[in-house]
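Asks: Need coordinates for the following:
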Amino acid sequence: MTNALSHIRRHALAAAALGVVFAGSASAEQAAPKAPVVQGTPTRVIERETPKKPVEAAVPPVEQSEVERFCSNIADAARDRRYQLQAEELKKLQAEVDKRIALLEERKTEYETWLKRREVFLARAEEGVVQIYSRMKPDAAAERLAVMNTDLAAAIMMKLDARKASVILNEMESKVAAELTRIIASAARREDPT
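Replies: Next comes the predicted model:
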């Protein structure tokens with residue numbers, strides 16, 4: 001009977017061990033694998049094998065195609081050529097800019113020459129106009145200056161002899177004479193009125 005009892009005990013332990021193994025596999029998906037807990041003294045411990053990750057085989061380097069090898073071999077030469085073309089383009093643009101600057105300098109010189117000739121002409125014309133108004137009768141000069149641009153009339157009056165200018169102002173309407181006097185007085189100030 002002891003033999004039968006020990007036999008039953010072994011089967012019970014084996015069944016318990018299998019139950020633990022099956023229960024462990026169900027929960028292994030949810031938790032980390034644990035060592036099975038068996039009550040009593042097991043005759044043999046069954047360890048669960050964890051599936052090993054597949055070992056990735058070392059991938060041999062893929063051979064480059066002939067086109068890729070050609071492109072990688074000429075990359076530096078192509079970059080150098082591209083830089084050379086860009087440098088040549090920049091030189092052409094610089095030459096155009098220099099040419100335009102020279103043209104602008106030439107035109108500036110022409111403009112300055114023309115401006116000097118114009119200033120000389122205006123100075124002569126102004127002197128001639130002042131002489132004309134200085135020789136006119138005061139009432140006729142007053143009539144002409146009254147209808148003229150006030151700034152120009154004031155400039156002419158300033159260049160006239162003071163005695164002649166006072167006689168012409170005396171012949172003008174009081175509004176026009178006052179406006180011309182105001183302009184002449186502000187032009188004669190040593191300080192800027194504004």
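Asks: M172 against A146, yeah?
Replies: Yes. Using Cβ atoms under 8 Å, M172 is in contact with A146, at 5.5 Å. (Each C-beta comes from the backbone N, C-alpha and C, glycine too.)
Asks: And the two? Which one has more around it.
Replies: Using other Cβ atoms under 10 Å, the more surrounded residue of M172 and A146 is M172, with 22 against 18.
Asks: for the more buried one, what are its contacts?
Replies: Contact analysis of M172 by Cβ atoms under 8 Å, 6 or more residues apart in numbering lists 142, 145-146, 180.
Asks: And for S65?
Replies: Per Cβ under 8 Å, 6+ apart, neighbours of S65: none.
Asks: What is the subsequent helix or strand relative to the longest helix along the chain?
Replies: With secondary structure taken from DSSP state H, the chain has its longest helix at helix 66-135. Of the helices and strands lying after helix 66-135 in sequence (DSSP states H and E), the nearest is helix 138-147.
Asks: got the buried residues for that next one?
Replies: 138, 141-142, 145-146 (16 or more other Cβ atoms under 10 Å).
Asks: can these go into JSON lines with extra columns for distance to S166?
Replies: Formatted as JSON lines, the buried residues of helix 138-147 follow (distance: Cβ to Cβ, whole Å):
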{"residue": "P138", "distance to S166": "9"}
{"residue": "A141", "distance to S166": "12"}
{"residue": "A142", "distance to S166": "11"}
{"residue": "L145", "distance to S166": "13"}
{"residue": "A146", "distance to S166": "16"}
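Asks: between those residues, which is nearest I132?
Replies: A141 (8.9 Å; Cβ to Cβ).
Asks: my guess is that closest one meets R135, correct?
Replies: No. Applying Cβ under 8 Å, one finds A141 not in contact with R135, separated by 9.0 Å.
Asks: what about L160, neighbour count?
Replies: Using other Cβ under 10 Å as the criterion, the residues surrounding L160 number 19.
Asks: Identify the residue spatially nearest to it, adjacent ones excluded.
Replies: Residue nearest to L160 in three dimensions, not counting chain neighbours: S134, with 5.5 Å by Cβ to Cβ, 6 or more residues apart in numbering.
Asks: Could you tell me how many residues sit around that neighbour?
Replies: Residues lying near S134 (other Cβ under 10 Å) number 15.
Asks: Settle this for me: it is touching A165, isn't it.
Replies: No. Taking contacts as Cβ under 8 Å, S134 lies outside contact range of A165: 9.1 Å.
Asks: May I ask which helix or strand of the chain has the lowest mean pLDDT?
Replies: helix 2-28 (a mean of 56; mean pLDDT, DSSP states H and E).
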